[in-house]
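Visitor: below are the sequence and a predicted model; questions follow.
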Protein chains: 2
Amino acid sequence: MALLVQKFGGTSVADPERMRSVAENVARCRRRGDEVVLVVSAMGKETDDLLRMAAEVSPHRPGREMDMLITAGERKAIALMAMALHAAGVESESYTGSQAGFITDPNHTNAKIVDVRADRIRAALDAGRVPVVAGAQGVSVDNDVTFLGRGGSDTTAVALAKALGADACELYTDVSGVFTTDPRVVPAARRMNSITFDEMLEMTAAGCPKPAMRSVEYAHRHRVPLHVRSAFTWEPGTWVVEESDDVEAALIRAVVADDSEAKVTVSGVPDRPGVAAGLFRRLADADINVDMIVQNVSEGGVTDISFTVPHTQLDDALAVCDAHGGEVGAQKVISDPRIAKVSVIGAGMKSNPGVAATMFEVLAANGINIEMISTSAIRISCVIADADADRAVQVLHDAYELDRTTF
Amino acid sequence: MALLVQKFGGTSVADPERMRSVAENVARCRRRGDEVVLVVSAMGKETDDLLRMAAEVSPHRPGREMDMLITAGERKAIALMAMALHAAGVESESYTGSQAGFITDPNHTNAKIVDVRADRIRAALDAGRVPVVAGAQGVSVDNDVTFLGRGGSDTTAVALAKALGADACELYTDVSGVFTTDPRVVPAARRMNSITFDEMLEMTAAGCPKPAMRSVEYAHRHRVPLHVRSAFTWEPGTWVVEESDDVEAALIRAVVADDSEAKVTVSGVPDRPGVAAGLFRRLADADINVDMIVQNVSEGGVTDISFTVPHTQLDDALAVCDAHGGEVGAQKVISDPRIAKVSVIGAGMKSNPGVAATMFEVLAANGINIEMISTSAIRISCVIADADADRAVQVLHDAYELDRTTF
């Protein structure tokens, strides 16, 4: 008998039919003898609808009120899900983040979990019931409602799995696991049976949409076994583990493309100590999420600094650069929104220096120009023109033979 | 400087524009120097939408889960309302029923208030903010979310006004006060400036849709001055008071029609002690809300018993009667859903025995047949055919000269 924490995203509980399907799966798990805790997100696009409604009501939207609003979405979902379970013959009770014992800091719209006091959830399990917990929410030490941010339901599930000592945390999504690349771009993409936490973290950082990075970090830190799987096919998906048995078998495990960022270049910056630091301090103070940074070799006492930011923060970033660039005497600030970041990821590359060379050669052989490069121990990322992204993913997937590798 | 608790129903906060209108009114009150606490219901028809969604998900809907679901509606409304207040330059914070200190019994879907610990609301007022409180919700002593039932927002407002020692509880609705009768039926209907609690209770019991009866009882018991008024015109409405100065002026104050009930007749019942009591005990055990009861004079050892129940409970009532009628040897059970109850109400009728006679004469003179009669000290109700209801209201309103009386 295993204790499973199962998290279902918005797509998986989007309507009554989907909820009944989830309830039937829980009933199957119970018949097998497993104990189950559900964590659910708001239904379908409800969170987006609530955000839009708030924008219509007021240009002034305090975080405290946004959290009160957004958490209404999960509240509806857990109540309806509990009813669907009753209809499937499974005793169940719904719990808000507060009732489930999620204590957070008071940082509204993006709160961090401080403690999980899961006494009520444990009691419900002991009483033979399936607790249904609202994802991404908690209560602050000031007794205010808090929201953990978009993707926070994954974090709720992992934290609850840790607090309960669960045997696994299953993240059910609309894809059937973690793939070697996006199967919509490369039909030969393969689902991995397992992946290491380090690889998963690099993949989510590089643009793989699921699961949310915070939840992978939390699971990694607390050694919670993660299982990313489908709420539509119910077949086994991808396990995220400490060390994969077959890591040695492949240098590269996945190719990921991300077109959510834009490139900014501040050119003609005086090459003095502290100039770049000052710029990035200003960007950080403005809460701008800078990803890749490249500084060219200095020529004639001036240099160019390029970096990438999310498209949604490009205007803010340019404003900071224009202001600060003037102060330090930079010549100009230019931006390019039409870029993509393509990354190859694999724990096996640590001991193989040829991986990067292969990547550059493959892109060059296909006429794809590399604008920026960044690397970690298990990832190499190249910024290219966004028009080349799909083709780059395809040729790299082929070059590393990911369509023929068994993971 | 007055402390006002202002309650806004679903129609009054149905969309962003309505919310801004409410926020502007609060800003006006604040400029006059008043302290304001808002109580809001779920937006528009949201509660109905949530009920429909639950019915789609599951035939088995535990009260605990229904309350978790329904209370999501007010949660959205308070958060958006607080944002609208910020946009109008009014500092504001939203509070769930639990945060506002509403402790209830654990009777889900229709919980009763046990205590109101309004410390946070008082603190928010002291800090110069306008608290926005979710109507009709609380937290049980078991720490579960509870719903006070439909119309419960009125009760929330009155209980909060009592707990805070407010100067008045203003119930804002989509009508501009309490009228002598339904102005849609009788265009000459007049708005009353004031009405006594007893009269208001009889009116709501007789079918006047607003305010909810529980809130009037609560206000009466705790001597909270009520003001029923419009959230569309913002003009003064009707005060509900202990004793009206002008009560002596008029025998009859209002005519109310109610077509929400059906009539059931159990005929040929043996006229023995305990037979009627047994029937109504069975109906009460089945939670059927019996209103008027008439028992005919016994003839030949048998009698007929008639009573009215809400249309929504007619099938259940008939099932109870069929079962129990057989046991006691009743001859048959018949029902008539096409009835209406017309009531005349006025504190002044207590000392005037001619009021009932006038009512019967007026109905007879207009060819309207009376099927059942019931009276209280300040109300006379007649059951008639529902097709005659509008005409009965019109001729009674004329006969008691309500179109020419100043209240």
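Guide: The structure has been received and is ready for your questions. Quantities reported herein were computed from a predicted structural model and do not represent experimental measurements.
Visitor: where does pLDDT dip in chain A?
Guide: Within chain A, the segments meeting pLDDT under 70 span A:244-250, A:351, A:353, A:405-407.
Visitor: how about the residues of it near chain B?
Guide: Within chain A, the positions lying close to chain B (Cβ under 8 Å from any Cβ of the partner chain) are A:16, A:19-20, A:50, A:53-54, A:56-62, A:64-66, A:68-69, A:71-73, A:75-76, A:78-80, A:82-84, A:86-87, A:93-94, A:96, A:99, A:120, A:143-145. Where C-beta positions appear, they are placed from N, C-alpha and C, glycine not excepted.
Visitor: give me that answer again for 7 Å
Guide: Residues of chain A that fall close to chain B, judged by Cβ under 7 Å from any Cβ of the partner chain: A:16, A:19, A:50, A:53-54, A:56-62, A:64-65, A:68-69, A:72, A:75-76, A:78-80, A:82-84, A:86-87, A:93-94, A:99, A:143.
Visitor: quick one, phi psi at residue A:260?
Guide: The phi and psi values for residue A:260, taken as degrees, to the nearest 10, are phi -90, psi 0.
Visitor: for it, which residues are in contact?
Guide: Residues counted as contacts of residue A:260 (Cβ atoms under 7 Å, 6 or more residues apart in numbering or on different chains) are A:207, A:310-311.
Visitor: same check on residue A:360?
Guide: Here residue A:360 is in contact with residue A:370 (criterion: Cβ under 7 Å, 6+ apart).
Visitor: same deal with residue A:35?
Guide: Counting by Cβ under 7 Å, 6+ apart, residue A:35 makes contact with A:1, A:3, A:125.
Visitor: from those, which land in helices?
Guide: Judged by DSSP state H, helices contain the following of those: residue A:125.
Visitor: out of the contacts of residue A:35, who has the most neighbours?
Guide: For the contacts of residue A:35, the largest number of neighbours (other Cβ atoms under 10 Å in any protein chain shown) sits with residue A:125, at 17 neighbours.
Visitor: can you tell me how far the residue nearest to that one when sequence neighbours are not counted is from residue A:129?
Guide: Ranked by Cβ to Cβ, 6 or more residues apart in numbering or on different chains and with sequence neighbours excluded, the top spatial neighbour of residue A:125 is residue A:35, at 5.5 Å. Using Cβ to Cβ, to the nearest Å, we find residue A:35 at a distance of 10 Å from residue A:129.
Visitor: for chain B, see how far away the residue nearest the centre of chain A is.
Guide: Nearest to the mean C-alpha position of chain A, by Cα atoms, centre = their mean, lies residue A:212 at 2.6 Å. Taking Cβ to the nearest Cβ, to the nearest Å as the measure, residue A:212 falls 23 Å from chain B.
Visitor: now do the phi/psi pair for that residue.
Guide: According to degrees, to the nearest 10, residue A:212 has phi -70, psi 140.
Visitor: so who does it touch?
Guide: Residue A:212 makes contact with A:151, A:154-155, according to Cβ under 7 Å, 6+ apart.
Visitor: secondary structure and neighbour count added to the contacts of residue A:260, as CSV?
Guide: Formatted as CSV, the contacts of residue A:260 follow (DSSP: H, G, I helix; E, B strand; the rest coil; neighbours: other Cβ atoms under 10 Å in any protein chain shown):
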residue, secondary structure, neighbour count
A:207, coil, 19
A:310, strand, 16
A:311, helix, 13
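Visitor: and which of the residues you listed is nearest chain B?
Guide: Using Cβ to the nearest Cβ, residue A:310 is the member of the contacts of residue A:260 that sits closest to chain B, with 25.2 Å.
Visitor: pretty sure that closest one sits against residue A:264.
Guide: No. With contacts counted by Cβ atoms under 7 Å, residue A:310 stays clear of residue A:264, the gap being 11.4 Å.
Visitor: are any of the residues of chain A next to chain B buried, and which?
Guide: Buried by 16 or more other Cβ atoms under 10 Å in any protein chain shown: A:16, A:19, A:50, A:53-54, A:57-58, A:61-62, A:64-65, A:68-69, A:72, A:75-76, A:78-80, A:82-84, A:86-87, A:93-94, A:99, out of these.
Visitor: among the residues you listed, name the ones in strands.
Guide: Judged by DSSP state E, strands contain the following of these: A:93-94.
Visitor: of the buried ones among the residues of chain A next to chain B, which belong to helices?
Guide: Short answer: these in helices (DSSP H) are A:16, A:19, A:50, A:53-54, A:57, A:64-65, A:68-69, A:72, A:75-76, A:78-80, A:82-84, A:86-87.
Visitor: show me where the stretch 201-350 of chain A has its helices.
Guide: For the stretch 201-350 of chain A, helices defined by DSSP state H, counting those that start in this stretch occupy the ranges A:213-222, A:275-285, A:314-328.
Visitor: which of these sits closest to residue B:226?
Guide: Of all the helices of the stretch 201-350 of chain A, it is helix A:213-222 that lies closest to residue B:226, at 49.9 Å by Cβ to Cβ.
Visitor: so which elements touch that closest one?
Guide: Judged by 3 or more Cβ pairs under 7 Å, 6 or more residues apart in numbering or on different chains; DSSP states H and E, helix A:213-222 is in contact with helix A:152-164, helix A:197-205.
Visitor: just name the most buried of these.
Guide: Burial among the helices and strands packed on helix A:213-222, expressed as mean neighbours by mean count of other Cβ atoms under 10 Å in any protein chain shown, is greatest for helix A:152-164, which shows a mean of 27.
Visitor: next SSE after it?
Guide: For helix A:152-164, the following helix or strand on the C-terminal side (DSSP states H and E) is strand A:168-173.
Visitor: sheet partners, orientation included, of that following strand?
Guide: strand A:3-8 (parallel), strand A:226-230 (parallel) (DSSP bridges).
Visitor: from the middle of its chain, how far away would that strand be?
Guide: Put simply, strand A:168-173 sits 14 Å off its chain's centre (Cα atoms, centre = their mean, to the nearest Å).
Visitor: so which bits of that strand are buried?
Guide: A:168-173.
Visitor: quick one, what contacts the closest residue to residue A:78 other than its chain neighbours?
Guide: Using Cβ to Cβ, 6+ apart and skipping residues adjacent in sequence, the residue nearest residue A:78 is residue A:94, 3.8 Å away. Counting by Cβ under 7 Å, 6+ apart, residue A:94 makes contact with A:78-79, A:82, A:132, B:65, B:68.
Visitor: cool, and residue A:394?
Guide: Each residue near residue A:394 by Cβ under 7 Å, 6+ apart is listed here: A:185-186.
Visitor: so which helix or strand takes in it?
Guide: Counting by DSSP H and E, residue A:394 is part of helix A:389-399.
Visitor: show me what residue A:116 is bridged to.
Guide: For residue A:116, the beta-bridge partners are residue A:102 (DSSP bridges).
Visitor: distance of it from residue A:100?
Guide: Going from residue A:116 to residue A:100 by Cβ to Cβ gives 8 Å.
Visitor: neighbour count for the two, which is higher?
Guide: Set residue A:116 next to residue A:100 and count neighbours by other Cβ under 10 Å: residue A:100 wins out with 29 against 20.
Visitor: if we ignore the residues flanking it in sequence, what's nearest the more buried one?
Guide: Closest residue to residue A:100 apart from its sequence neighbours, by Cβ to Cβ, 6+ apart: residue A:133 at 4.6 Å.
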